[in-house]
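Chemist: Sequence and predicted model, in that order:
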Amino acid sequence: MSVRTPRLPRPRHAGRAFGAAAFTAVAALAAATLLPTSQAGAAGTTLRSLAEAKGIYFGTAITQSDLNNSALTAIAGSQFGMLTPGNEMKWDTTEPSRGSFNFAPADRIVSFAQANSMRLRGHTLVWHNQLPSWVSGLPAAQVKAAMENHITTEATHYKGKLYAWDVVNEPFNEDGSFRADAFYNAMGSGFVADALRTARAADPNVKLYLNDYNIEGLNPKSDAMYNLVKSLKSQGVPLDGVGFQAHFIAGQLPSTFKANLQRFTALGVNVAITELDDRVQLPATTASLAQQASDYAGVVNTCLAVTGCVGITQWGVGDADSWIPGTFPGYGAATMYDANYRPKPAYTSSATALGAGTGPSPSPTPTAPGGASCKVTGAVNAWNTGLTEDLTLTNTGPSTINGWSLAFTLPAGQTVTGSWNASLTPTTGQIAATSLSYNGTLAPGASASFGFQATHTGNTSLPTVFSLNGTPCATA
Ligand code: G3I
C-alpha cells in the first residue's frame, strides 16, 4: 500500500508572519491538554499504570539502535508495560543463513524489557517480509522443515520469557485470499496450523497469535481472518489471540472496529492492538493532532469496551522513530510523542480514556490560564529554492525557563541546511530546535531569537504549531 500526498506549490512570500487565527487554534489546543508535561511521567499517571489499573497493557516497539537513545528508553521503560522488538526477532535477523541463528540483537531488547519489568511480545516467527532469500529460494519440499526448525529454535530460545508470539504475520491479501508467499506456496493454508502447533510444542505457556493489518473493521480481509480462526479453533489448533496492527489514518477509524473485535472474542480468542499508529498529513496541524487525539481515545475506549482485548501496543515510541514517513511520503507525526519525546494531545487523550484524573490520586494540576506559556513569532524570506526563517520565542509564563527545546513540523519539501542561535535536528519533518549555552535561560517575559536556512520544493510556509518542552505555544 502506498499513499502519496499531492504537493501544492504555493506562491512565494517575503516576510510572511503568523496570523491571529493560528493563535486562537493553538491556544485552544493547549487549553484542551489535560495532563501537563510535568505529570506525564509522574508515578501513578503513566500509560502503563493507568492501563494496568484497567486490566490491560500499554506497550511500545523498539529496535536495537533505540537502546542508545536515552530520551526514548526513559519513556519506553516508564510509560509502557509491554515491549515488542521492532525488527530483531524477524527471520532475516535471527536465521540469516540456514541453521545459523543470531539472537544477540533481540536478546538485548529482552534484557531491556526485563530490567524495566516489562513483558514482551515476540514478533514474528513466520512472515513473508524480512525473510532471507535462502528461505524463499528453497524447493517447496524443504520449506516445511525449514519453517518448523526456525520456529522450534527461536521459540525454544525465548521459552518462558515472552507473553505472546506473533506466530504468523500478515497471511492475507486485501481481498481475503491467502498471500502467495513461500509458506503458502509450499504447504497451502495448512502452514498456519503447522506453525501454531510447532510454536506450542516449543513453548507451552506463551500466548500464540496471528497478526495482520487492515483487519480492524469488517471487510473481506477480516472475514478471512475470522474464518481462519474459526476453522483453527474447531480443529483444536493452539491459538490464543489475534493481533490487529491498527496502522490508522487520522479520522479513519473503522466504525465497525468494536463489532469486529467482538466477533473474534466470541470465537474464544483474545484480541490485541499490536502496532498502533495514526498518521496525519504533514505538516501536522492543530486540527489533525486533535483528530489524532480523538482516534487514540477511540482505540483505548474500544479495547476497554471489548472483554478479551488484552492491550494496546504503539509501533515506536515517538514520531522520530516511526516507519510512517519513510513508507508514506507526506505523512507522519503518527505517535503519541513528538520528535522531541514530548507528549502530544494523543497522549493526553489516551491517558484520559484510561481514567487519568478520575481516581483519588494524584489529581491533575491545572494548566496555566489560557494554556500556553510561550509565544512564537516568525517570518520567512523565500526565493526559488531556498528560504530563511527568523523565529522569536518568548517566555509568557510565570517561571524562568532553564534550557528550551522548541518542537515544530517543517512543511513537506523543506530541508534545513543551517541554523543560528539554536541547534536543529533532524533536517526534515519533526524538528527540535534546542537552545545553546548562551540563550537557554529565559526569565518571564524574556525572548530568544534564532533562525535557520532551508531548501524547499515549492512550499515555503512557516510551521503552524510549536510546542516548548511539550506545551503548545501561542503563535501571534
Ligand atoms: O538492516 C538494514 C541495513 O543493513 C541497511 O543499511 C538499511 C538500508 O535501508 O536497511 C536496513 O533494514 C531495514 C530494516 O527495517 C531494519 O532497520 C529495512 O530497510 C527496512 O525496510 C525495515 O523496515 C521495517 C519494516 O517492518 C519492514 O517491513 C521497519 O523498521 C519495521 O518497523 C516494520 O515493522 C512492520 C511490522 O513488522 C509488521 N507490520 C508492519 C510494520 C511496519 O512496516
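Modeler: Cool, got the structure. Residues are numbered from 1 along each chain as shown.
Chemist: What residue in this protein is the furthest from its centre?
Modeler: Relative to the C-alpha centroid of the chain, counting by Cα atoms, centre = their mean, A141 is the outermost residue, at 38.9 Å.
Chemist: I believe that residue is in a strand; please confirm or correct that.
Modeler: No: if the criterion is DSSP: H, G, I helix; E, B strand; the rest coil, then A141 is helix and not within a strand.
Chemist: That one: what's it in contact with?
Modeler: A186 (Cβ atoms under 8 Å, 6 or more residues apart in numbering). (Glycine included, C-beta is placed from N, CA and C.)
Chemist: Now the residue in the stretch 101-250 of the chain positioned nearest to the ligand. Nearest residue, chain neighbours left out?
Modeler: Going by Cβ to the nearest ligand atom, the ligand is nearest to N129 of the stretch 101-250 of the chain, at 4.6 Å. If you skip the residues right next to it in sequence, N129 has E170 as its closest partner in space, 7.3 Å away by Cβ to Cβ, 6 or more residues apart in numbering.
Chemist: what's the neighbour count on that neighbour?
Modeler: Per other Cβ atoms under 10 Å, the neighbour tally for E170 reads 20.
Chemist: With V229 instead?
Modeler: Neighbour tally, V229, other Cβ under 10 Å: 21.
Chemist: Can you give me the buried ones in the longest helix seen in the chain?
Modeler: The longest helix of the chain (DSSP state H) is helix 286-305. Using 16 or more other Cβ atoms under 10 Å as the burial criterion, the residues of helix 286-305 that qualify are 286, 288-304.
Chemist: send the alpha carbons of it over as CSV?
Modeler: C-alpha atoms of helix 286-305 as CSV (Å, rounded to 0.1, in the frame of the first residue of the first chain):
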residue,chain,number,x,y,z
THR,A,286,-3.8,21.7,15.5
ALA,A,287,-6.9,20.1,13.9
SER,A,288,-5.1,17.0,12.7
LEU,A,289,-3.4,16.4,16.1
ALA,A,290,-6.8,16.9,17.7
GLN,A,291,-8.3,14.3,15.3
GLN,A,292,-5.4,12.0,16.2
ALA,A,293,-6.1,12.5,19.9
SER,A,294,-9.7,11.6,19.3
ASP,A,295,-8.7,8.5,17.4
TYR,A,296,-6.3,7.3,20.1
ALA,A,297,-9.0,7.7,22.7
GLY,A,298,-11.3,5.8,20.4
VAL,A,299,-8.8,2.9,20.2
VAL,A,300,-8.4,2.9,24.0
ASN,A,301,-12.2,3.0,24.6
THR,A,302,-12.7,0.3,22.1
CYS,A,303,-10.2,-2.0,23.7
LEU,A,304,-11.7,-1.3,27.2
ALA,A,305,-15.2,-2.0,25.9
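Chemist: Now do it: everything it contacts.
Modeler: Looking at helix 286-305 with Cβ under 8 Å, 6+ apart, the contacting residues turn out to be 25-26, 28-29, 32, 54, 56, 246, 248, 250-251, 253, 257-258, 261, 273, 276, 278, 280-281, 284, 309, 311-312, 333-334, 336, 344-350, 352-354, 464-465, 472.
Chemist: For the residue of the stretch 251-400 of the chain found nearest the ligand, grab phi and psi.
Modeler: The nearest approach of the stretch 251-400 of the chain to the ligand comes at W323, 4.2 Å away (Cβ to the nearest ligand atom). W323 has phi and psi values of phi -80, psi -10 when expressed as degrees, to the nearest 10.
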